[in-house]
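J.: Structure for this input, please:
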Amino acid sequence: MSDVPQTKPSKFKILVELVKFEHSIFALPYAFTGAIYGALTVAFAVPAIFPAPAPQPTPWVTLSHWPTWSAIVWVTIAMVGARAVAFTLNRAIDKEIDARNPRTAGRAVPSGLIKAWELWTFTAVMLAAYLLAVYNLAPITHWLWPIPLAMFIVYPYLKRFTSLAHFWLGACLGLGVVGGWAGVADSVSALAPWVLGAAVAIWTTGFDVIYATQDYDSDVADGVHSIPADYGIPFALTLARALHVATVALFVWGGFLVGAGMWYYVGVAVAAALLWYENAIVTPKDLSRLDAAFFTVNGLVSVFMFAGVLLDRLIAR
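T.: Below is the predicted model:
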């Protein structure tokens with residue numbers, strides 16, 4: 001046995017691990033997508049018959065119809081802050097469930113690595129960051145900000161009653177597109193952000209269903225509802241494939257609504273190939289590559305989709 005003392009991880013490291021900051025790569029590119037296409041819809045021009053001063057940029061959109069750098073910063077802070085609040089609420093509410101699941105029993109909250117006051121202090125700081133960001137974005141967000149928080153609070157409780165919790169989680173992530181759009185365009189009346197948001201929501205639902213297969217035994221024993229636990233792993237994986245087909249269709253429709261060019265659809269095509277691969281490497285008889293399907297492939301889906309959006313705006317317009 002080694003005599004070298006084992007050092008405890010720092011509280012900062014524990015908190016970063018607890019809220020999975022690295023998973024922002026799943027959501028943040030779509031918030032940027034909403035902001036980029038939302039900015040494109042903002043019209044500064046006025047009818048020529050009305051004399052008016054030259055158009056001026058807003059604090060959120062430039063004259064060339066790009067989000068301003070300050071808007072991008074505030075969208076980033078809002079997304080990171082909101083996700084951190086969602087994770088801490090989920091970890092706190094699910095403390096007992098996590099403690100009974102061998103995969104999650106070592107998490108910071110059920111294992112006691114983080115004290116309650118530390119968790120709630122961190123949550124308050126992240127909530128303050130979220131609110132600060134919201135109030136530096138377009139005025140419509142000053143009214144809509146409670147909606148994501150309410151959905152975050154509801155989500156952990158749903159799994160106690162229904163397997164539709166996967167879809168609720170998807171909707172939480174899909175709101176990132178709508179939020180990014182609203183944050184710069186000051187409107188949510190267009191159809192495009194809702195279609196793109198639905199694509200993200202369905203994509204998230206699909207990969208969350210795949211991810212839940214690893215907790216099948218624990219969820220069945222504990223009475224936690226999930227699609228794999230309630231309907232079986234083969235059905236769950238078939239449903240995930242269908243949801244990812246719908247994801248691609250919705251991304252195509254969303255691209256049509258925003259008038260996207262070739263590069264956007266190249267991004268969609270790469271994402272479609274990655275989703276096919278994700279669903280191919282996880283089967284009812286072999287879940288060994290589940291982590292690769294969840295973390296690596298879905299991170300790449302987000303990156304390539306956003307790359308298509310960025311190239312669409314940089315090259316095509």
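
J.: what's the average pLDDT for the helix or strand containing G308?
T.: Per DSSP states H and E: G308 is located in helix 298-315. Averaging pLDDT along helix 298-315 yields 93.

J.: helices or strands up against it?
T.: Applying 3 or more C-beta pairs under 8 Å, 6 or more residues apart in numbering; DSSP states H and E, we find helix 298-315 packed against helix 24-40, helix 192-212, helix 262-280. Any C-beta I mention is one placed from the backbone N, CA and C, and that applies to glycine too.

J.: if you set the cut-off to 6 Å instead, what comes out?
T.: With contacts defined as 3 or more C-beta pairs under 6 Å, 6 or more residues apart in numbering; DSSP states H and E, helix 298-315 has these neighbours: helix 24-40, helix 262-280.

J.: Tell me where the stretch 51-200 of the chain has helices.
T.: Under the criterion DSSP state H, counting those that start in this stretch, the stretch 51-200 of the chain contains helices at 69-93, 95-100, 116-134, 141-144, 146-158, 165-185, 192-212.

J.: Report how many residues lie close to the nearest residue to L257 once chain neighbours are set aside.
T.: Ranked by C-beta to C-beta, 6 or more residues apart in numbering and with sequence neighbours excluded, the top spatial neighbour of L257 is A192, at 3.9 Å. If you count neighbours by other C-beta atoms under 10 Å, A192 ends up with 23.

J.: Same check on I315?
T.: Other residues close to I315 by other C-beta under 10 Å number 10.

J.: Please tell me I have it right and L243 contacts G206.
T.: Yes: with contact defined as C-beta atoms under 6 Å, L243 counts as touching G206 (3.6 Å).

J.: Look at those two and report which has more neighbours.
T.: Set L243 next to G206 and count neighbours by other C-beta under 10 Å: G206 wins out with 27 against 24.

J.: list the contacts for that one?
T.: Going by C-beta atoms under 6 Å, 6 or more residues apart in numbering, G206 touches 240, 243-244.

J.: coming back round to it: quick check: buried residues in the helix holding G308?
T.: 298-313 (16 or more other C-beta atoms under 10 Å).

J.: Likewise for stretch 67-77?
T.: 67-68, 71-72, 74-77.

J.: Can you tell me which of the residues you listed is nearest V252?
T.: P67 (23.8 Å; C-beta to C-beta).

J.: Please list all residues in contact with that closest one.
T.: 35, 39, 184.

J.: Please apply the same query to A307.
T.: A307 neighbours (C-beta under 6 Å, 6+ apart): G267.

J.: gap between the two ends of stretch 282-298?
T.: End-to-end distance for stretch 282-298: 13 Å, by C-alpha to C-alpha, to the nearest Å.
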